[in-house]
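Participant: Could you look at this predicted model? Sequence included:
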Amino acid sequence: MQSLLLNSIEIFFKLIYFLIFIRIILSWLPGLNQSSLGVFIYNITEPILGPVRHMIDKSPIGGGMMLDFSPIIALFLMNIVSMVLKSIVTMIF
């Protein structure tokens with residue numbers, strides 16, 4: 001049971017990491033952002049990136065930045081959440 005949960009957590013976070021990286025690449029290719037693939041990836045990743053972007057915009061350092069650092073920060077935070085979840089699963093089982 002423990003290995004199934006740990007593998008599920010790993011697969012879930014790798015999938016989200018991959019989709020965020022695809023979104024970064026799509027942001028460099030303007031025409032693909034509005035494609036059905038671009039809209040799908042946007043809809044999947046925005047619930048993660050949106051709140052992070054909002055936190056950055058509200059901070060004294062982040063207000064008015066031209067570059068969007070929310071994917072980097074989101075990946076960092078997701079890595080921490082993944083490690084915490086794996087630790088919890090390991091302690092429980």
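Facilitator: Looks like it came in fine.
Participant: drop to CA atoms for contacts and neighbour counts, all remaining ones
Facilitator: Will do.
Participant: If you drop the residues flanking it in sequence, what lies closest to residue 2?
Facilitator: Excluding the flanking residues, the one nearest residue 2 by C-alpha to C-alpha, 6 or more residues apart in numbering is residue 93, at 5.9 Å.
Participant: Can you show me the helices along the protein?
Facilitator: 2-28, 30-33, 36-58, 70-92 (DSSP state H).
Participant: For those, could you give me a markdown table that also reports mean pLDDT and mean neighbour count?
Facilitator: Formatted as a markdown table, the helices of the chain follow (pLDDT from 0 to 100; neighbours: other C-alpha atoms under 10 Å):
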| stretch | mean pLDDT | mean neighbour count |
| --- | --- | --- |
| helix 2-28 | 95 | 15 |
| helix 30-33 | 84 | 14 |
| helix 36-58 | 92 | 15 |
| helix 70-92 | 96 | 15 |
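Participant: Please tell me I have it right and the residue nearest to residue 2 contacts residue 3.
Facilitator: No - applying C-alpha atoms under 8 Å as the test, residue 93 and residue 3 come out as separate, 9.4 Å apart.
Participant: which residue sits closest to residue 20, ignoring its sequence neighbours?
Facilitator: In space, residue 20 is closest to residue 45, 6.3 Å off (C-alpha to C-alpha, 6+ apart).
Participant: I'd say the one you found and residue 19 touch.
Facilitator: Yes - counting by C-alpha under 8 Å, residue 45 touches residue 19, with 7.0 Å between them.
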